[in-house]
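only the shape, not the letters, is given here:
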């Protein structure tokens, strides 16, 4: 188990209505695992102050790092910063550095009241810079507050992750086989029981038109120095059952 | 507000590791809104019995309907059915109908021990039929238990949703404009304040290469008979600000 854990809070009615497919949590998930940070849970919540407050408090207590996406723009439905201030009993106020950045970014006279809202944060926030559209995110306690627009969120995330304390990356190997899951299930269980420090996931897929299918078997471990013995056992087992395997 | 609410529990380490992008919750979200069922929350959790139990109990109490995806296959990491039995203090046992369906589906001698695991469910479950690969899902109390493979989940979901009690569908209209969000933010807020029974969401997008962008403004309501007055006010406001608008 990595000593660093994380939770992601995706904030947005547009995800819950199905209008937008969230891709931010997948992007963050893939980055975290490489950095040795274990993503424990993702929750998608509505634009509602009480809900945001409850979740932020809960995740902030449970995980080493919390990432939120969405709700930090200039409109009335952008209530993330205000809610997080309230979650931590901190004053919601103009961050002077954020104000300066935005004031410099916009043409003279265009840094209007709505845009100034994007400089409002909990007292004591550290900025997360936004090289694309200026409006910064922020870090407060162990919570990293990011925008919802994927292109912008990604650039900001890749910058902030460099500064995080991280663990040993998880070792992950994926073995593909043409055998069906049910053919190998009992043997996989035996191998899982033998190697308690690794986790063996079994992900079937079906090509229903071609009436073919197979399984991707994912061997992973936070603790082992090598998962090669597990991988070898699985490849042998597939062979004994008359199947083909390859590392993918 | 619809009188029917829902929560989705996505079960699977493969989503949290970033290996798989969840698309099931988006599919369910889009279907629910059409049926007048309000999706309140989505959570992605790991393949861990205690976590599954806690979430199922919590969501089952909070929402009219709960949908779970993932973890009902034949392998050792498929622990959803067992965990849900435990959540509701129900015996985890062979469902005779499920057993029959699977026994008929597989060629003689191939309905092995692992596959028989897919007939195990909480006592009292109603089957959700699977026309593609036979292994059924099930309904127990207000929880609908579905597989993780999207093609199969979708067919099963579209069948089960026909039987759900539903509300009046949410009215949703999306207005696109070439104006930036910050230009219209204060006016949008005024319109939002005027029409409390509607919800106005503002979703900016940026084409960073072309240095263009705009906003999709989503007007929605569970209660109003028509949101036309809100839409008209927004279109007028965009015009007054020198922008173009279209219904998308």
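Received the coordinates, thanks. Nothing here was measured: the structure is a model prediction, and the numbers come from that model.

C-alpha from now on. contacts and neighbour counts both.
Will do.

what's the domain layout of chain A?
Structural domains annotated on chain A: A:4-163, A:171-247, as defined by automatic domain parsing.

highest mean neighbour count out of those?
Across those, averaging neighbours per residue (mean count of other CA atoms under 10 Å in any protein chain shown) puts domain A:4-163 on top, at a mean of 20.

now find how far off-centre it is within its chain.
13 Å (CA atoms, centre = their mean, to the nearest Å).

tell me if that domain is near chain B.
Yes: against chain B, domain A:4-163 shows contacts by CA under 8 Å from any CA of the partner chain at A:13-21, A:23, A:26-30, A:33, A:39-46, A:74-77, A:112-115, A:132, A:149.

where does chain A have low pLDDT?
A:1-2 (pLDDT under 70).

all strands of it, in order?
Along chain A, counting by DSSP state E, strands occupy A:4-11, A:37-45, A:65-69, A:92-94, A:120-122, A:126-130, A:134-140, A:143-146, A:171-177, A:199-207, A:212-221, A:245-247.

show me what the second one is packed up against.
Going back to what we said before, that points to strand A:37-45. strand A:4-11, helix A:13-16, helix A:24-34, helix B:13-16, strand B:37-45 (3 or more CA pairs under 8 Å, 6 or more residues apart in numbering or on different chains; DSSP states H and E).

with respect to residue B:101, which of the ones you listed lies nearest?
Set against residue B:101 and scored by CA to CA, the helices and strands packed on strand A:37-45 come closest in helix B:13-16, at 28.6 Å.

contacts only, for the closest residue to residue A:71 other than its chain neighbours.
Once flanking residues are discounted, residue A:71 sits nearest to residue A:78: 4.0 Å by CA to CA, 6 or more residues apart in numbering or on different chains. Counting by CA atoms under 8 Å, 6 or more residues apart in numbering or on different chains, residue A:78 touches A:47, A:70, A:71, A:72.

how near is residue A:78 to residue A:152?
Distance, residue A:78 to residue A:152, using CA to CA, to the nearest Å: 16 Å.

re the thing from before, what would the strands of chain A look like in JSON lines with distance to residue B:170?
Converted to JSON lines, the strands of chain A look like this (distance: least, CA to CA, whole Å):
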{"stretch": "strand A:4-11", "distance to residue B:170": "20"}
{"stretch": "strand A:37-45", "distance to residue B:170": "18"}
{"stretch": "strand A:65-69", "distance to residue B:170": "25"}
{"stretch": "strand A:92-94", "distance to residue B:170": "34"}
{"stretch": "strand A:120-122", "distance to residue B:170": "33"}
{"stretch": "strand A:126-130", "distance to residue B:170": "35"}
{"stretch": "strand A:134-140", "distance to residue B:170": "32"}
{"stretch": "strand A:143-146", "distance to residue B:170": "29"}
{"stretch": "strand A:171-177", "distance to residue B:170": "43"}
{"stretch": "strand A:199-207", "distance to residue B:170": "35"}
{"stretch": "strand A:212-221", "distance to residue B:170": "39"}
{"stretch": "strand A:245-247", "distance to residue B:170": "47"}
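
if I pick the closest residue to residue A:177 other than its chain neighbours, what's in contact with it?
Distances taken as CA to CA, 6+ apart put residue A:245 closest to residue A:177, at 4.5 Å, once the chain neighbours are dropped. Applying CA under 8 Å, 6+ apart, we find residue A:245 in contact with A:175, A:176, A:177, A:178, A:235, A:238, A:239.

repeat that with 7 Å
When contacts are counted by CA atoms under 7 Å, 6 or more residues apart in numbering or on different chains, residue A:245 is found next to A:175, A:176, A:177, A:235, A:238.

hey, what's the second one bridged with?
In this entry, residue A:176 is beta-bridged to residue A:216, residue A:246, by DSSP bridges.

my guess is it contacts residue A:246, does it?
Yes: between residue A:176 and residue A:246 there is a contact at 5.3 Å, judged by CA atoms under 7 Å.

how close does residue A:122 sit to residue A:139?
The gap separating residue A:122 from residue A:139 is 9 Å, by CA to CA.

for residue A:213, same thing?
45 Å.

ditto for residue A:195
Residue A:195 is 39 Å from residue A:139, by CA to CA.

likewise for residue A:71?
According to CA to CA, residue A:71 and residue A:139 sit 15 Å apart.

find the nearest non-adjacent residue to residue A:76, please.
Counting by CA to CA, 6+ apart, the residue nearest residue A:76 is residue B:189, at 5.5 Å.

wait, that neighbour sits on residue A:74?
No: applying CA under 7 Å, one finds residue B:189 not in contact with residue A:74, separated by 10.4 Å.

gap between the two ends of stretch A:207-217?
Criterion CA to CA; first-to-last residue distance in stretch A:207-217 is 17 Å.

now do it: everything it contacts.
Stretch A:207-217 is contacted by residues A:174-181, A:200-206 when judged by CA under 7 Å, 6+ apart.

which one of those is nearest residue A:7?
Among the contacts of stretch A:207-217, and counting by CA to CA, the member closest to residue A:7 is residue A:201, at 21.1 Å.

setting aside sequence neighbours, what's the nearest residue to the closest one?
Spatially, and ignoring its direct neighbours in sequence, residue A:201 is nearest to residue A:218 (5.0 Å; CA to CA, 6+ apart).

of all the strands of chain A, which lies closest to residue A:55?
strand A:4-11 (7.6 Å).

contact partners of that closest one?
Residues from elsewhere that reach strand A:4-11 (CA under 7 Å, 6+ apart): A:25, A:37-47, A:59, A:63-71, A:166-167.

same check on stretch A:152-169?
A:2-4, A:33-37, A:128-130, A:132, A:146-147, A:222.

tell me which two in those are the farthest apart.
Comparing every pair within the contacts of stretch A:152-169 by CA to CA identifies A:132 and A:222 as the most remote, at 35.1 Å.

residue contacts, residue A:43?
With contact taken as CA under 7 Å, 6+ apart, residue A:43 is in contact with A:8, A:9, A:10, B:42, B:43, B:44.

what is the nearest of those residues to residue A:231?
Of all the contacts of residue A:43, residue B:44 has the smallest distance to residue A:231: 27.3 Å, by CA to CA.

partners of that closest one in the sheet?
residue A:42, residue B:10.

kindly provide the distance from it to residue B:68.
Remark: distance between residue B:44 and residue B:68 (CA to CA) = 10 Å.

distance check, the residue nearest to residue A:177 against residue A:175.
Residue A:245 is 7 Å from residue A:175, by CA to CA.
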